[in-house]
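Novice: Whatever this is, show me its structure:
(chains A and B)
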Amino acid sequence: MKQQVTTFSVNGHDVLLEYDPETADMEEVNRAVDELEKQSGGKAFSLATGEAVDHITRETQDVSIVRPIAGG
Amino acid sequence: MARRLGIPFAVAIDVFLIGLNITVGVSTLMRHHSHWKISFLNFGAAGFIAGMAVVSYRTHKRMQFIREEIRRLELEERMAWPEGALGLAKANFERVCKLLGAEAFNGYVDLRVKGILFRLTDSGVYKIDWAGQETNGTCYQIQQMPALEKIASAMLLLHNDPTVFDRWCRQDGYYV
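Specialist: Model prediction:
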């Protein structure tokens, strides 16, 4: 079953990345998520646990990149 | 003309008047010790002007906040959300609420992180003290997102690091 990396958006959420945790190169996935975090200024969270995710493993589910939301 | 010159002009006037009153008060006190009542009147006037300046500043900030709220609501009304967006937003919001133990009420959500109570509405985040009073607040800066997902985003970020609230409060606001 494929896992998605999403972000909250005007559409509800947008899928930024999709991978098969059984076959994917997790280092590549982590590099891609790091790049997405850098581009958006956000941080990856698991919507299965509510905790921030520093390193995605094959068991990590439902990752969403949360952008900085407030200020001022 | 004052309106065009705006806040810097008003501040300059206040500073001038406060300085003038303090100068006159000190001068009178030094030259005529018996006229101390007049001196204290000057000091009182300086304090009154300073107090009015603070009240005026806070009122200005509050009005600014209200104007931004109105703008945000108008923007939300004009937006036609893509099909399914609000349903997805609600599902994400409920999921995050359940994970973090947040309590959702009519119009706001309460989230407790490391002993600090945050109140999240569809316009911003507030810190609530022991008496249930808002002590500080900050507005959402991302507008192109359903309100429930703004709240969900803020909850996740606060749960991860509650000190981010203080950084938000210190930032200059801008809309994305």
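Novice: A:S40 touches A:S64, doesn't it?
Specialist: No. With contacts counted by C-beta atoms under 8 Å, A:S40 stays clear of A:S64, the gap being 11.2 Å. For every residue, glycine as well, the C-beta is placed using N, CA and C.
Novice: Between those two, point out the one with more neighbours.
Specialist: A:S64 (25 against 14; other C-beta atoms under 10 Å in any protein chain shown).
Novice: Using the three-state scheme, assign the more buried one.
Specialist: strand (DSSP: H, G, I helix; E, B strand; the rest coil).
Novice: Show me what the closest residue to it other than its chain neighbours bridges to in the sheet.
Specialist: Nearest residue to A:S64, sequence neighbours excluded (C-beta to C-beta, 6 or more residues apart in numbering or on different chains): A:T6, at 4.8 Å. Beta-bridge partners recorded for A:T6 (DSSP bridges): A:V15, A:S64.
Novice: pretty sure A:T6 contacts A:E18?
Specialist: No. At 9.5 Å, A:T6 does not count as touching A:E18 under the criterion of C-beta under 8 Å.
Novice: out of these two, which sits in the more crowded spot?
Specialist: A:T6 (19 against 11).
Novice: tell me which element the spatially most central residue of chain B is part of?
Specialist: Computing the C-alpha centroid of chain B and ranking residues by C-alpha atoms, centre = their mean puts B:G137 first, at 5.1 Å. According to DSSP states H and E, B:G137 maps onto strand B:134-139.
Novice: could you dump that strand to CSV, C-alpha only?
Specialist: Extracted as CSV, the C-alpha positions of strand B:134-139 are listed here (Å, rounded to 0.1, in the frame of the first residue of the first chain):
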residue,chain,number,x,y,z
GLU,B,134,-6.3,36.0,26.8
THR,B,135,-2.8,37.3,27.5
ASN,B,136,-1.3,37.3,24.0
GLY,B,137,-2.3,36.4,20.5
THR,B,138,-1.2,36.0,16.9
CYS,B,139,-3.0,35.8,13.6
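Novice: how far is that strand from where the chain is centred?
Specialist: Its chain's C-alpha centre and that of strand B:134-139 lie 5 Å apart, by C-alpha atoms, centre = their mean, to the nearest Å.
Novice: which residues does the nearest residue to A:Q3 once chain neighbours are set aside contact?
Specialist: Of all residues not flanking A:Q3 in the chain, A:P21 sits nearest, at 5.3 Å (C-beta to C-beta, 6+ apart). Shown in contact with A:P21 (C-beta atoms under 8 Å, 6 or more residues apart in numbering or on different chains): A:K2, A:Q3, A:R58, A:E59, A:T60.
Novice: Many thanks, I have nothing further to ask.
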